[in-house]
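> Take a look and give me a structure for this.
(chains A and B)
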Amino acid sequence: AQSVTQLGSHVSVSEGALVLLRCNYSSSVPPYLFWYVQYPNQGLQLLLKYTSAATLVKGINGFEAEFKKSETSFHLTKPSAHMSDAAEYFCAVSRLTGGGNKLTFGTGTQLKVEL
Amino acid sequence: DTGVSQDPRHKITKRGQNVTFRCDPISEHNRLYWYRQTLGQGPEFLTYFQNEAQLEKSRLLSDRFSAERPKGSFSTLEIQRTEQGDSAMYLCASSLTDGSYNEQFFGPGTRLTVL
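Numbers count the residues shown, from 1 in each chain, chains lettered A, B, ... in the order given. Take a look at the predicted model:
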C-alpha cells in the first residue's frame, strides 16, 4: 500500500518569502511522486514529478522538490512566493507497474500569500 | 482547447435521484480515470479504464455507482439513488500508456450537491 502525508493543512507566507510545503510518503515499492496544484473551481495541474531519475526535480512556475529516500520525504519549495501561487497543493504517490498508475493523494495544503 | 472536458460542471439533485456525469478525455489517450474529492480532502481513486475495459474499481465505488467507457472514448459515471454523502467533486483524468509513466491530465471536475 502507498500513502502520503502532508504536514500543515494551511501555510501562510509573505510575498517574496520562501515557500516550503511538506510531504512524506510510505511505499513498499520504489515510488513515483508528484506535486499538483489546484486553483478554485478548477482541476489539478501537474507541477512536477519524480520518476527515479534525478532526485532534485524542477517544475513549472519556479517550484522544485527533492526526493530524500532516507527521510521518505518529497518537500516542495519555491525561493520567492508570488501572489499567484495562492492555491491548494497536493502531493501524490504512484508506481509504474501494477495498479494502473493510479494516484494516491495527500489531504492537501492551502497556501496563502500575503502582501 | 483539446484538454479533458467534463459535463456538467455543476449538478444539484435531491436525495434518491439518479445522476450521470460525462468525461471526454484527450483524444489519443487510452487510459481514463475517475476520482472523487470531498471538501478538505485530496482526490480519491474510484476506477480506471484502459480503452473500453474497466480494469480496477475502488472499494469506494459502491453498487450504486457504475462507470462505462463504450468504444474506449468518452466515459460516463452514474450514481443511482443519490445520498447526501455523495456530495463531492468528481474528477476525470486521462493518460497514455506506453510502458513508462505518463502524466494524468485532469478535467475541471463536476461538482455534485445532493440536497
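> Backbone dihedrals for the closest residue to chain A within chain B, both of them.
In chain B, the residue that lies nearest chain A is B:Gly42 (3.2 Å; C-beta to the nearest C-beta). (Each C-beta comes from the backbone N, C-alpha and C, glycine too.) Main-chain dihedrals, B:Gly42, degrees, to the nearest 10: phi -80, psi 160.
> and what of A:Ala81?
Per degrees, to the nearest 10, the backbone of A:Ala81 is at phi -70, psi 150.
> do A:Leu21 as well
Torsion angles, degrees, to the nearest 10, at A:Leu21: phi -120, psi 130.
> and the residue positioned nearest the centre of chain B, what helix or strand is that in?
Nearest to the centroid of the C-alpha atoms of chain B, with distances taken as C-alpha atoms, centre = their mean, sits B:Trp34, at 3.2 Å. Element membership of B:Trp34 [criterion: DSSP states H and E] is strand B:31-37.
> Quick one: residues in contact with that strand.
Residues outside strand B:31-37 that contact it (C-beta atoms under 8 Å, 6 or more residues apart in numbering or on different chains) are A:100-103, B:23, B:25, B:43-50, B:60, B:67, B:69, B:75, B:77, B:88-97, B:102, B:104, B:109.
> just the buried members of these?
A:100-103, B:23, B:25, B:43-50, B:67, B:69, B:75, B:77, B:88-95, B:104, B:109 (16 or more other C-beta atoms under 10 Å in any protein chain shown).
> All the strands of chain B, in order from the start?
Here chain B has its strands, by DSSP state E, at B:5-7, B:10-13, B:19-24, B:31-37, B:44-50, B:53-57, B:65-68, B:75-79, B:88-95, B:105-106, B:110-114.
> Quick check: which of those is nearest to A:Thr109?
Among the strands of chain B, the nearest to A:Thr109 by C-beta to C-beta is strand B:31-37 (14.7 Å).
> what inclination does the closest one have with respect to strand B:75-79?
30 degrees (axes from the mean of the first three to the mean of the last three C-alpha atoms, to 10 degrees).
> what lines up beside strand B:31-37 in the sheet?
The pairing partners recorded for strand B:31-37 under DSSP bridges are strand B:44-50 (antiparallel), strand B:88-95 (antiparallel).
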